[in-house]
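> this one's structure only:
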């Protein structure tokens, strides 16, 4: 199997990365496989503690009968746009983008395999088939899928070179003071809680544009434009500013009286150039049920 690391994989230990993409292989067994040369990074043998870099080529020879097999599942997925090379889906909140060692079913990839079979890019391996970029499990909205490797590379280039416009809706705790603001704070792995990201010295350059849609007594409805696409970027930047995303228990907001499945955050707008064409594709979806539920609550309180 071959994997190409993206920016979200950066600074992850090699053995941890493999643990996330395999099943029934213990950490110690993975470490032994790495030491035995069954894993190479950019055609070189590395230590289990090697920290992955963006665009690393990771080749892994999985022992027979011990690899993770992703099963197609008949899960309905809303398709917002489709052509011969790609599609854009509206991923619901609560659905993983791709399988992990803990959750191997019910993901977007399981659903895509049922509908498209092998007609999906495999640059990032079988359990990331078609996946060019990701949304957190509890973030809903627009997600691009590549049907072939050439398109995957095209879309990845759009993202890398900031030729894609991506906007989000969110509700944050607190009254955001400015009508519009650009946040530039470096983001990296949290120094003591590796499952989290944080604004840290030496982190990767990260830029988020914040625009107020509506203010309430104790909350603000925001439009967010991502200039870069770091892991948890919106949630981390807003937490750092002191306005955490509503119901984001990971980054300090806590669960409010109006319950949702974690953070109230939706990717609602995409604008990009259609692969191998000059045509501009512009997509926008309505607020999801979480956004509507929280806004109704806030308006009734006002």
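On my side now, so go ahead. Computed from a predicted structure; not experimentally measured. Residues are numbered from 1 along each chain as shown.

> what is the rounded mean pLDDT of stretch 179-199?
When pLDDT is averaged along stretch 179-199, the result is 91.

> Buried residues, it. List them.
Going by neighbour count (16 or more other CB atoms under 10 Å), the buried part of stretch 179-199 is 183, 185, 187-189, 196-199. (Each C-beta comes from the backbone N, C-alpha and C, glycine too.)

> So for the residue nearest to residue 134 when sequence neighbours are not counted, what pLDDT did the model give?
In space, and not counting its chain neighbours, residue 134 is closest to residue 97: 4.4 Å by CB to CB, 6 or more residues apart in numbering. In this prediction, residue 97 carries a pLDDT score of 94.

> what's the answer for residue 1, then?
At residue 1, pLDDT is 71.

> burial measure for it, as a count.
Using other CB atoms under 10 Å, residue 1 has 18 other residues around it.

> Also residue 97?
That count, for residue 97 with other CB under 10 Å as the rule, works out to 18.

> just residue 33 next, same as before
Neighbours of residue 33 using other CB under 10 Å come to 21.

> which residue sits closest to it, ignoring its sequence neighbours?
Per CB to CB, 6+ apart, closest to residue 33 is residue 39, 6.1 Å.

> quick revisit: am I right that the residue nearest to residue 134 falls within a helix?
No: using DSSP: H, G, I helix; E, B strand; the rest coil, the assignment for residue 97 is coil, not a helix.

> Now do the same contact list for it.
91, 107-109, 131, 134-135, 137, 143 (CB atoms under 8 Å, 6 or more residues apart in numbering).

> The stretch 51-200 of the chain: helices as residue ranges?
108-116, 149-160 (DSSP state H, counting those that start in this stretch).

> a markdown table for those helices, including distance to residue 71 and mean pLDDT?
As requested, the helices of the stretch 51-200 of the chain are arranged in a markdown table below (distance: least, CB to CB, whole Å; pLDDT from 0 to 100):
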| stretch | distance to residue 71 | mean pLDDT |
| --- | --- | --- |
| helix 108-116 | 6 | 97 |
| helix 149-160 | 22 | 94 |
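
> ranking the ones you listed by burial, who's on top?
helix 108-116 (a mean of 20; mean count of other CB atoms under 10 Å).

> these two touch, right, residue 112 and residue 129?
Yes: between residue 112 and residue 129 there is a contact under CB atoms under 8 Å: 6.6 Å.

> Which residues are in contact with each of the two?
Shared contacts of residue 112 and residue 129, counting by CB under 8 Å, 6+ apart, come down to residue 120.

> Residue 58 is in contact with residue 21, isn't it?
No: applying CB under 8 Å, one finds residue 58 not in contact with residue 21, separated by 9.2 Å.

> show me where the stretch 1-150 of the chain has strands.
With DSSP state E, counting those that start in this stretch as the criterion, the stretch 1-150 of the chain has strands at 2-4, 39-41, 57-60, 78-82, 86-91, 140-146.

> can you put the ones you listed in a markdown table and add mean neighbour count?
Formatted as a markdown table, these follow (neighbours: other CB atoms under 10 Å):
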| stretch | mean neighbour count |
| --- | --- |
| strand 2-4 | 17 |
| strand 39-41 | 20 |
| strand 57-60 | 17 |
| strand 78-82 | 13 |
| strand 86-91 | 22 |
| strand 140-146 | 25 |
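
> follow-up on the earlier one: mind checking pLDDT for the residue nearest to residue 33?
89.
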